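In: Model the following, please.
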Amino acid sequence: MPVVTPDVHLPSDAPVTPLSQYIAGHTCADRARLMQQVAVTVSDYHNVQRVIHGDLKMINVVVNADGDAELLKTAATVSITSEPATPTHPEERLPMTTATDVYAFAWLVFQTFTDIDSQALVRDPKVMRMIASGAKPNRPGPDSLPTQRGLNEEIWAMLLRCWEISPAARPSITEVVKVFDPSAPPSA
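Out: Presented below is the predicted three-dimensional model:
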């Protein structure tokens, strides 16, 4: 079961590993299960705690000693009931919403399956222009490493929906959880 960590600062003796290091050292890790655990945590944020994470990315996910993914809360986390958060940095132009969390989650999933360094993408102006225009990455081939790691058709179709340029066209996190866990309860 995923754990919602109350603070970005963990005790120094906490037995956790950053997700990027964990999957690099555990090449056979069930990446779909790890992403399902993060999705369930985000669903808890949105539907129970009524907050937006606001900073879903690889560095904010750790794996505990039991091999379970934990999502770290950050200073970017805001209440859903408040006005949409307006970013303080000019490069962060869009307000944070549950739809922006879903969009960011899809990039986290893509990065987890492909090992693509998101920082390298951010530094590439051509890639950033493509993303800003609504372009989506190409689906890894059927014999590719991401596919062998579990990036199946259902997950890929969900990623494409999460990357829709219109926030209203994106699925809820509850719908995303269903892709990873078909036994999850239906949307409320």
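In: only C-alpha atoms for contact and neighbour calcs from this point on.
Out: Fine.
In: Quick one: the helices in the protein, in order.
Out: 19-25, 31-44, 98-114, 118-123, 125-132, 145-148, 153-162, 173-180 (DSSP state H).
In: Of those, which is nearest K57?
Out: Closest to K57 of these is helix 98-114 (C-alpha to C-alpha; 5.6 Å).
In: Quick check: V40 vs D181, distance?
Out: Per C-alpha to C-alpha, to the nearest Å, V40 is found 9 Å from D181.
In: S144 too?
Out: Distance from S144 to D181, by C-alpha to C-alpha: 23 Å.
In: Of those two, give the one with the bigger neighbour count.
Out: More crowded of S144 and D181, by other C-alpha atoms under 10 Å: D181, with 16 against 12.
In: May I have the residues that are in contact with the more buried one?
Out: Counting by C-alpha atoms under 8 Å, 6 or more residues apart in numbering, D181 makes contact with Q36.
In: confidence score at it?
Out: We have a pLDDT of 82 for D181.
In: Now it, what are its backbone angles?
Out: For D181, the backbone dihedrals are phi -140, psi 90 (criterion: degrees, to the nearest 10).
In: Quick check: which ranges of the chain have low pLDDT?
Out: Low-confidence segments of the chain, defined by pLDDT under 70, span residues 1-14, 82-94, 118-123, 184-188.
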